[in-house]
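Visitor: predicted model and sequence below, questions to follow.
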Amino acid sequence: MKLATLRVGGSTRAVRLDGDRLIDLGAADLGEFLAGGDWAARAAAADTTRAYPAEGADFAPVVPRPSKIVCVGLNYKNHIQEMGRDLPRHPTLFAKFADSLIGAADEIARPAETEEFDWEVELAAVIGAPVRRARGRAAEAAIAGFTVLNDITCRDWQFRTREWLQGKMWDSSTPVGPYVVTPDELPGGVRPRLEVALSVDGEVMQRDNTGDLLFDPVALVEYVSTVVRLNPGDIIATGTPGGVGHARDPRRYLTGGERVVAEIQGVGRLENTVAGERAS
């Protein structure tokens, strides 16, 4: 099952992909739909007469206003090595905010305040049920599905201090979507083994497999839910593989105008152009 949030008629709607149509699920967005409980059965039984064409669809962030976005740094073994670090004993966590999120084809807002604007393709887990201190099967069951996230980062701001938040939370900079794909459609289920890739203007910068994750999605749900409750629609970004611009020699960054494509096998594809941030 593939679920999304569609922009239509000046508002948004939660939808399910059905062939070349997007079936309206009767909620304003996917976060609201997941929060209603028993979401899989309700999505499967949705009235198919309320539908929109999938071709040319304008996707909002899969969950426009999650209660939290928890991100994991240094979680692919090869990326940890390229950054010159030891393998961590525990997940490295930081956060983003809903104002950072954009849709699968929206422009990435490059702020004038950075000279080191970098890319990071990531598999992201979307939570489908409220959990706290989840373990084992409870943690597995809490994962509604997976989506693609590009953790665009201002490296010069990220490394101003030992805390990364100020480099990661810039407004309108983080594409996520287009769909949430349920685990039953993916090899490995809630511990998927999927090809991950990112290109800039057609040049492949990152390529790996989620099987290289040090902490898999279930382990991350267990760890994060120990600290804070996870609510339906919350997003956990599982980290990026090697190939980021900051680790290259010479270093490479996004300066504006580039076409950035982030793709995960069986999950989806983000295609975004880097543009200057509009005045608010």
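Guide: All right, it came through fine.
Visitor: and the helices in this structure?
Guide: Applying DSSP state H to the chain gives helices spanning 30-35, 39-44, 77-82, 137-141, 155-158, 165-168, 217-227.
Visitor: any idea how far stretch 105-117 is from the chain center?
Guide: 17 Å (CA atoms, centre = their mean, to the nearest Å).
Visitor: need the contact partners of it.
Guide: Under the contact criterion CB atoms under 8 Å, 6 or more residues apart in numbering, stretch 105-117 has outside partners 58-59, 102, 150, 152-157, 170-173, 175, 178, 245-246, 251, 253-256, 260, 270-278. No exception for glycine: its C-beta is placed from N, CA and C like everyone else's.
Visitor: show the buried residues in those.
Guide: 59, 102, 150, 152-157, 170, 172-173, 175, 178, 245-246, 253-254, 260, 270, 272, 274, 277 (16 or more other CB atoms under 10 Å).
Visitor: tell me the pLDDT at the residue nearest the centre of the chain?
Guide: Among the residues of the chain, the one closest to the centroid is residue 149, at 2.8 Å (CA atoms, centre = their mean). Note for residue 149: predicted pLDDT of 98.
Visitor: what do you get for the one 5 residues further on?
Guide: In the prediction, the pLDDT value recorded for residue 154 is 98.
Visitor: thinking again about what came up before, switch the helices of the chain over to CSV; also include distance to residue 265.
Guide: Below are the helices of the chain laid out as CSV (distance: least, CB to CB, whole Å):
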stretch, distance to residue 265
helix 30-35, 22
helix 39-44, 22
helix 77-82, 18
helix 137-141, 21
helix 155-158, 28
helix 165-168, 25
helix 217-227, 15
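Visitor: go through the ones you listed and pick out the most buried.
Guide: helix 30-35 (a mean of 26; mean count of other CB atoms under 10 Å).
Visitor: quick one, phi/psi of the most far-flung residue of the chain relative to its centre?
Guide: In the chain, the greatest distance from the average C-alpha position (CA atoms, centre = their mean) is reached by residue 49, at 30.1 Å. The phi/psi pair for residue 49 (degrees, to the nearest 10) reads phi -80, psi -20.
Visitor: likewise residue 36?
Guide: phi -80, psi -10.
Visitor: surely residue 220 is in contact with residue 90?
Guide: No - at 10.9 Å, residue 220 does not count as touching residue 90 under the criterion of CB atoms under 8 Å.
Visitor: got a pLDDT number for residue 79?
Guide: Value listed for residue 79 in the pLDDT field: 72.
Visitor: skip the chain neighbours and tell me the closest residue to it.
Guide: residue 242 (4.4 Å; CB to CB, 6 or more residues apart in numbering).
Visitor: who's in contact with that neighbour?
Guide: 76, 78-79, 81-82, 206, 208.
Visitor: show me which helix or strand of this protein is least confident by mean pLDDT.
Guide: Lowest mean confidence among the helices and strands of the chain (mean pLDDT, DSSP states H and E): helix 77-82, at a mean of 75.
Visitor: okay, that helix in PDB with CA atoms only?
Guide: Extracted in PDB, the C-alpha atoms of helix 77-82 (Å, rounded to 0.1, in the frame of the first residue of the first chain):
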ATOM      1  CA  LYS A  77      29.100   2.100   8.400                       C
ATOM      2  CA  ASN A  78      30.700   3.500   5.300                       C
ATOM      3  CA  HIS A  79      29.600   7.100   6.100                       C
ATOM      4  CA  ILE A  80      30.900   6.800   9.600                       C
ATOM      5  CA  GLN A  81      34.300   5.800   8.200                       C
ATOM      6  CA  GLU A  82      34.400   8.500   5.600                       C
END
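Visitor: strands of the stretch 151-280 of the chain, start to end?
Guide: Ranges of strands in the stretch 151-280 of the chain, per DSSP state E, counting those that start in this stretch, are 153-154, 174-181, 195-200, 203-209, 235-237, 259-264, 268-276.
Visitor: can you tell which of those strands is closest to residue 131?
Guide: strand 235-237 (11.5 Å; CB to CB).
Visitor: what sits up against that closest one?
Guide: 63, 66, 68-72, 96, 122-127, 147, 149, 151, 176, 217, 220-221, 224, 230.
Visitor: that strand: partners in the sheet, and parallel or antiparallel?
Guide: strand 69-73 (parallel), strand 121-127 (antiparallel) (DSSP bridges).
Visitor: chain center to the first one, what's the gap?
Guide: The one in question is strand 69-73. On the basis of CA atoms, centre = their mean, strand 69-73 sits 10 Å off its chain's mean C-alpha point.
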